[in-house]
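Undergrad: what follows is a predicted structure for the sequence shown.
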Amino acid sequence: MAKIVLREDFIKLGQALKAAKLVGSGVEAKMILDGKVKVNGQVELQRGKKLYDKDVVSFAGETIEIVKE
């Protein structure tokens with residue numbers, strides 16, 4: 001499981017996927033609209049969804065945990 005450490009209070013879903021290197025650009029993050037990404041076990045369709053501490057993102061067999069340290 002990859003971890004993304006928050007520098008601010010939140011990170012947007014598209015940015016998190018890019019930071020975890022699961023997509024190469026924000027344009028590629030459009031697959032969110034196809035229902036291929038889950039946040040905390042629920043399908044998420046908003047690229048701009050704000051992720052906070054302890055949120056978990058699943059995509060393409062990969063899992064990302066958002067942490068605030």
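TA: Yes, it's here.

Undergrad: for the closest residue to Ile11 other than its chain neighbours, grab phi and psi.
TA: Once flanking residues are discounted, Ile11 sits nearest to Leu51: 5.3 Å by C-beta to C-beta, 6 or more residues apart in numbering. Any C-beta I mention is one placed from the backbone N, CA and C, and that applies to glycine too. As for Leu51, its main-chain torsions (degrees, to the nearest 10) stand at phi -110, psi 140.

Undergrad: pLDDT at Leu51, what is it?
TA: Per-residue pLDDT puts Leu51 at 97.

Undergrad: OK, contacts around it?
TA: Phe10, Ile11, Lys12, Leu13, Ala16, Val39, Val57, Ile66 (C-beta atoms under 8 Å, 6 or more residues apart in numbering).

Undergrad: looking at these, which one is closest to Arg47?
TA: Nearest to Arg47 among these is Leu13, at 5.9 Å by C-beta to C-beta.

Undergrad: what is the neighbour count of the closest one?
TA: By the criterion of other C-beta atoms under 10 Å, Leu13 has 25 neighbours.

Undergrad: the one 5 residues further on now?
TA: As a burial measure, Lys18 scores 17 neighbours (other C-beta under 10 Å).

Undergrad: what of Asp55?
TA: If we define neighbours as other C-beta under 10 Å, then Asp55 has 20 of them.

Undergrad: distance of it from Gly24?
TA: Distance, Asp55 to Gly24, by C-beta to C-beta, to the nearest Å: 22 Å.

Undergrad: thinking again about what came up before, so which of the contacts of Leu51 belong to helices?
TA: Members of the contacts of Leu51 lying in helices (criterion: DSSP state H): Leu13, Ala16.

Undergrad: what is the nearest of the contacts of Leu51 to Met31?
TA: Met31 lies nearest to Leu13 out of these, by C-beta to C-beta, at 11.2 Å.
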